[in-house]
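Asker: Okay, here's the prediction I keep looking at, along with the sequence it came from:
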There are 2 protein chains.
Amino acid sequence: MITIDIHKIFKHKKIKITANRLDIANILSNSKHPLNTKEIESKLNEPDRVTLYRNLKLLVELEVLHKIEVNGSTVSYAFNHSITDVNKNKEHLHFHCNICNKVICMPQHKINSYNLPEGFIQEKCKLIVDGICNICNKEINNTSTIQE
Amino acid sequence: MITIDIHKIFKHKKIKITANRLDIANILSNSKHPLNTKEIESKLNEPDRVTLYRNLKLLVELEVLHKIEVNGSTVSYAFNHSITDVNKNKEHLHFHCNICNKVICMPQHKINSYNLPEGFIQEKCKLIVDGICNICNKEINNTSTIQE
DNA sequence: TTTTAAATGCAACGCTGTTGCATTTAAAAG
DNA sequence: CTTTTAAATGCAACAGCGTTGCATTTAAAA
C-alpha cells in the first residue's frame, strides 16, 4: 500500500501527518499525469482552497511534489517519485495539450545543461511542448471521418 | 527611423494606427530584452491597463509581438523582428534571472522539434532556463568580496 | 467634411493565490 | 491515558493580474 510510503516520507520530512496532506500526496502519487489545482480539488472530499494551496506549497518546498508551470494559467503538480525511486523524475520534457489542457510527462526527453554565456548560472530548466495529445488527435480524426 | 516600419506593419495587418499601439511596439522594438507588463506600463505616458492588455493581446495574435511566459507570475513580451528580418527570432532558449527577474533571449540555442510518441502533434515549444544572470552574478561576487 | 466602425477609458468583475486570526488537532511530554 | 503545545486548519478578507460591458472618442474611409 502506497499510503505507508507517504507516511514514511512525511515522517522523514518532519511534518505532521494529516488527512489533507495524505490525500494530496496519494492523489498525485497514483495519477499517471500531473494534475492542476482544480483537478486535485475535485478529487478531495473536503476541499478548502487555502489549506490545499498551503500544503501544495509546502510539499513542493520539501520536494515531495514537483510544480510544473506550462503557462501562466496552467499550473500542475506531480508526485516526485525520485524520493523513492532514484531512476525516475530527472528533469524532462512536458507536453501540454492545447485542447484538453492535460500535461503529460515525456521522460524519454531529458533536459541537458546548456552552454550559457560567461557569468550566467543555470539552476533549473524547463522544456514545454504545446500541441495536440494522442487522445484529442484521435477524436479529431474520428469526428472528421463521420462528417465526410 | 523605426516608427515608419511599425506604421507599415500595422497597415499591412489592417489595424488602426494609434498612439497606444505605436508606443507599445516602439518600446518593445527598441528594447534589448523582453519586457513584462509592468515594465511596459512604466514606459508609457498614459498608462491604462485595459487598453494595454487589449493591445498586447491583439499584437500577439497578429504575431507583431511574442509572448514569453517563464512562469505563472512572469509574462514578458518581445518584438517579433522576424516580421522584417527573416533570420531573427526562430524559437530559442529564454533565460530567466531569479534575482532581478529579467528575461534574456539566447538565440544561440535554437529549439528543435522533438520525436514525440505516436499521435502527438507539436505546435509550439519553449525552453526556459532559470538561474542567475551575469549582472546579478557580478554583484553577488562584489558584495561578498567587500564583506570578507 | 461627414460618417462609421474600431479603439479607448472607466467601473466593475472573476480567477488564482495569499494573509490574519481564532479554532482544531497531531503528536510529544508527563 | 491525559495533558500540553506548536503546527495545521478553515473562515473572511484581501491582492494582483487580466477581462467584460458600455458610453465616449478617434482613425480613416466615404
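Answerer: Sure thing, it's come through.
Asker: Can the strand ranked longest in chain A be said to contact chain B?
Answerer: The longest strand of chain A (DSSP state E) is strand A:121-132. Yes. Strand A:121-132 lies within reach of chain B by Cβ under 8 Å from any Cβ of the partner chain, at A:I121, A:Q122, A:E123, A:K124, A:C125, A:K126, A:L127, A:I128, A:V129, A:D130, A:G131, A:I132. The way it works is simple: take the backbone N, C-alpha and C, and place the C-beta from them, glycine included.
Asker: farthest pair in those?
Answerer: By the measure Cβ to Cβ, A:I121 and A:I132 form the most distant pair in these, at 35.7 Å.
Asker: Between the two, which has more neighbouring residues?
Answerer: Per other Cβ atoms under 10 Å in any protein chain shown, whichever of A:I121 and A:I132 has more neighbours is A:I132, with 20 against 17.
Asker: so that one sits right up against B:L116, yeah?
Answerer: No. Contact criterion Cβ atoms under 8 Å: A:I132 and B:L116 do not qualify, at 10.3 Å.
Asker: Count the residues that sit near the residue of chain A found nearest DNA strand C.
Answerer: The nearest approach of chain A to DNA strand C comes at A:I17, 3.5 Å away (Cβ to the nearest atom of the strand). By other Cβ under 10 Å, the residues close to A:I17 number 12.
Asker: doesn't A:H7 make contact with it?
Answerer: Yes. With contacts counted by Cβ under 8 Å, A:I17 reaches A:H7, the gap being 6.0 Å.
Asker: shared neighbours of these two, anything?
Answerer: Counting by Cβ atoms under 8 Å, 6 or more residues apart in numbering or on different chains, A:I17 and A:H7 have no common neighbour.
Asker: Would you state the strands of chain A in chain order?
Answerer: Remark: strands assigned in chain A by DSSP E are A:35-36, A:65-71, A:74-79, A:92-97, A:103-110, A:121-132.
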